[in-house]
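Peer 1: heads up, no residue letters with this:
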C-alpha cells in the first residue's frame, strides 16, 4: 500500500480510492486539489474518463427505445461492479489501468 501522505494529509491509497466514490465528481475534485501525487492524479483522471463515458453511454442508450433500455439495464450492474473494483484496487495501492481509458489517464497525468 502507498503510505505516502498527500497534500490533504491522507494516504495516497485512501485518497485514490476517494477519487471513485462519487464517480467523475470526486475525480474532478481530487484532480484539481492534488497536484503532487501522480498516483492520485491518475486515479482521479481515470475516474473522470470512465464515469463521464458511462454517463454519456447511459444517456445515448436512454433515447433508444426498448433495445437501448434493455442494454442500459444490463450495463448498470456491470458499471457498479467496475466502480467497486476500481475503489478496491486504488485502496490496495495498485496502478490498475482500464483498457483505453487507463492509457488516456496516464498520458494526462504525465
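Peer 2: The structure has been received and is ready for your questions. The shown structure was predicted, so the numbers you read here are calculated from the model rather than taken from an experiment.
Peer 1: what sits closest to the residue nearest the centre of the chain if chain neighbours are left out?
Peer 2: Taking C-alpha atoms, centre = their mean as the criterion, residue 47 is the residue nearest the geometric centre of the chain, at 1.9 Å. Sequence neighbours aside, residue 27 is the residue nearest to residue 47 in space, at 3.2 Å (criterion: C-beta to C-beta, 6 or more residues apart in numbering). Any C-beta I mention is one placed from the backbone N, CA and C, and that applies to glycine too.
Peer 1: check contacts around that neighbour.
Peer 2: By C-beta atoms under 8 Å, 6 or more residues apart in numbering, the contact list for residue 27 reads 19-20, 43-48, 51.
Peer 1: picking that back up, find the helix or strand that the residue nearest to the centre of the chain is a member of.
Peer 2: When elements are assigned from DSSP states H and E, residue 47 belongs to helix 38-62.
Peer 1: immediately after that helix, which helix or strand?
Peer 2: By DSSP H and E, the next helix or strand past helix 38-62 is helix 67-91.
Peer 1: buried residues, the helix or strand just after that following helix. List them.
Peer 2: Under the assignment DSSP H and E, the closest C-terminal helix or strand after helix 67-91 is helix 101-109. Buried residues in helix 101-109, counted by 16 or more other C-beta atoms under 10 Å: 101-102, 104-106, 109.
Peer 1: and what of stretch 68-87?
Peer 2: Across stretch 68-87, burial judged by 16+ other C-beta under 10 Å covers 72, 79, 83, 86-87.
Peer 1: cool, stretch 41-60 as well?
Peer 2: Neighbour counts over stretch 41-60 (16+ other C-beta under 10 Å) mark 41-51, 54 as buried.
Peer 1: for stretch 28-45, measure first residue to last.
Peer 2: 7 Å (C-alpha to C-alpha, to the nearest Å).
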